[in-house]
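[1] need the 3D shape of this:
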Amino acid sequence: MPDQPARRTFKGRLKRGLVRVRTHVPPGLRLLLGLILIVGGVFGFLPVLGFWMIPLGIAIAALDILPIWRWLRGQRRQ
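    Presented below is the predicted three-dimensional model:
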């Protein structure tokens, strides 16, 4: 199993997906997309939606939240 290419592992696919979202989705929309995925994950008992959407939504929302948080912390120190 360790000799599988990175693109076939779950972690590799998640990284590629996050890079794709970071490059193709505008910054304000990433946060909204992440929140929509989290809310959709709450309805994981439905056939199309699933609990997998919660961690994916958190990861996508973190793409926007972390830079804002770092910027705010930098502003406080000055």
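
[2] show me the shaky parts of the protein.
    1-7, 77-78 (pLDDT under 70).

[3] kindly list the longest helix within it.
    Under DSSP state H, the helix in the chain containing the largest number of residues is helix 53-77.

[4] list the buried residues of it.
    Across helix 53-77, burial judged by 16 or more other CB atoms under 10 Å covers 53, 54, 56, 57, 59, 60, 61, 63, 64. Backbone N, C-alpha and C define where each C-beta goes, glycine included.

[5] and of those residues, the nearest to residue 10?
    Using CB to CB, residue 56 is the member of those that lies nearest residue 10, at 11.3 Å.

[6] against residue 36, how distant is the closest one?
    Using CB to CB, to the nearest Å, we find residue 56 at a distance of 11 Å from residue 36.

[7] same question, residue 68
    Applying CB to CB to residue 68 and residue 36 gives a distance of 18 Å.

[8] where does residue 11 sit, in terms of helix or strand?
    Per DSSP states H and E: residue 11 is located in helix 10-24.

[9] then residue 38?
    helix 27-42.

[10] please apply the same query to residue 51.
    Applying DSSP H and E as the criterion places residue 51 outside every helix and strand.

[11] identify the residues contacting it.
    41, 44 (CB atoms under 8 Å, 6 or more residues apart in numbering).

[12] over to residue 50?
    Contact analysis of residue 50 by CB under 8 Å, 6+ apart lists 41, 44.

[13] one more time with 6 Å, if that's ok
    Shown in contact with residue 50 (CB atoms under 6 Å, 6 or more residues apart in numbering): residue 44.

[14] dump the residue contacts of the residue nearest to the spatial centre of the chain.
    With distances taken as CA atoms, centre = their mean, residue 60 lies nearest the centre of the chain, 2.0 Å away. Residue 60 is in contact with 21, 30, 33, 34, counting by CB under 6 Å, 6+ apart.
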